[in-house]
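A.B. asks: 3D, please:
(4 chains)
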2 protein chains.
Amino acid sequence: MAINKKSLFEDEDIELAEFAKALGHPARIAIMKVLAQRNECICGEIVEVLPLAQSTVSQHLMELKKAGLVKGTVSGVRSCYCINWDNFKRISSLFGVAMKDIHLGEETKICCD
Amino acid sequence: MAINKKSLFEDEDIELAEFAKALGHPARIAIMKVLAQRNECICGEIVEVLPLAQSTVSQHLMELKKAGLVKGTVSGVRSCYCINWDNFKRISSLFGVAMKDIHLGEETKICCD
DNA sequence: AATATATATCGCAAATATACGATGAATGAT
DNA sequence: ATCATTCATCGTATATTTGCGATATATATT
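C.D. replies: Numbering: from 1, shown residues only, chains lettered A, B, ... in the order given. As a prediction, this is how the structure comes out:
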């Protein structure tokens, strides 16, 4: 019974995992890259770049939004998405620090060989 | 029909996503932290630290192994797990660079407000 | 040899994710 | 007012993930 046990973990671990999970699909990595590269907000151009149906891209965008990495507004017929920089900077930095902390454990380790 | 379309993405995006996905669960974040902190390889001590059944922890370890972030050897009755530093350093660095690249896109952006 | 211990694996159930086409809602163009 | 365009959402099918208990396996211990 796949009960959600995630609330039993530390808040930081949950937050880090949510960030990682949001980026845990190549489509969403690609979307973030596209959003970062273009100088204006993007709409359905993302759909053209990705090898996925429009509805599927929409779902991926929703997930990135839910994770706080992206925000979107409607401008006429189109929807305008862009990176939620405040959140992205905060969480990606947190993640980077966590990775660096893990890395600090390397030192004296010679094991599992 | 959930066909696997992942092979249609760029290799780098796939690799980054696999790394992120592997860390996309608080249990696996916690495991990596524990492995990094201890000075010897850990076995079932991980089970004691996590709020999950032994079999579930074993599965999470398998996933980290499959993603190349962890390696394990058998030593007697116990299993010894530790971080696969070569791989971890390479992929986490790749991921860090990708995040930094995304970050470079911030500049002139004032949108979606 | 018999028993205990540690861990992996199997089998299962439920939840979540992935993907698409079809449809709906809102806006822009004619 | 009608039609076209853009995007979100719904419904659905399938795949994957998450989780557990039960069982199997391999090594210590007695």
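A.B. asks: so what's residue A:16 up against?
C.D. replies: When contacts are counted by CB atoms under 8 Å, 6 or more residues apart in numbering or on different chains, residue A:16 touches A:91, A:94, A:95, A:98, B:23, B:26, B:29. Where C-beta positions appear, they are placed from N, C-alpha and C, glycine not excepted.
A.B. asks: switch to 6 Å and redo it
C.D. replies: Shown in contact with residue A:16 (CB atoms under 6 Å, 6 or more residues apart in numbering or on different chains): A:95, A:98, B:29.
A.B. asks: Likewise for residue A:96?
C.D. replies: Residue A:96 neighbours (CB under 6 Å, 6+ apart): residue B:96.
A.B. asks: ok but it is inside a helix, no?
C.D. replies: Yes - counting by DSSP: H, G, I helix; E, B strand; the rest coil, residue A:96 is found in a helix.
A.B. asks: Nearest to DNA strand D among the contacts of residue A:16?
C.D. replies: DNA strand D has its nearest neighbour among those in residue B:29, at 11.0 Å by CB to the nearest atom of the strand.
A.B. asks: burial of the closest one, as a residue count?
C.D. replies: 25 (other CB atoms under 10 Å in any protein chain shown).
A.B. asks: partners of the lowest-mean-pLDDT helix or strand in chain A, with directions?
C.D. replies: None of the helices or strands of chain A scores lower by mean pLDDT, DSSP states H and E than strand A:70-75, at a mean of 87. Sheet pairing for strand A:70-75, assigned by DSSP bridges, gives strand A:78-83 (antiparallel).
A.B. asks: could you dump the least confident helix or strand of chain A to PDB, C-alpha only?
C.D. replies: Extracted in PDB, the C-alpha atoms of strand A:70-75 (Å, rounded to 0.1, in the frame of the first residue of the first chain):
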ATOM      1  CA  VAL A  70       8.300  28.500 -13.200                       C
ATOM      2  CA  LYS A  71       5.600  31.100 -13.300                       C
ATOM      3  CA  GLY A  72       3.100  31.900 -15.900                       C
ATOM      4  CA  THR A  73       0.700  34.600 -16.900                       C
ATOM      5  CA  VAL A  74      -1.900  34.800 -19.700                       C
ATOM      6  CA  SER A  75      -1.400  37.500 -22.300                       C
END
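A.B. asks: from the chain's centre, how far out does it sit?
C.D. replies: The chain centroid and the centroid of strand A:70-75 are separated by 16 Å under CA atoms, centre = their mean, to the nearest Å.
A.B. asks: got the angle for the one helix or strand residue A:16 maps to vs helix B:11-22?
C.D. replies: Residue A:16 is part of helix A:11-22, with elements assigned from DSSP states H and E. Orientation check (axes from the mean of the first three to the mean of the last three CA atoms, to 10 degrees): helix A:11-22 against helix B:11-22 gives 150 degrees.
A.B. asks: Find the closest residue to DNA strand D in chain A.
C.D. replies: Counting by CB to the nearest atom of the strand, chain A gets nearest DNA strand D through residue A:44, at 1.8 Å.
A.B. asks: Many thanks, have a good one.
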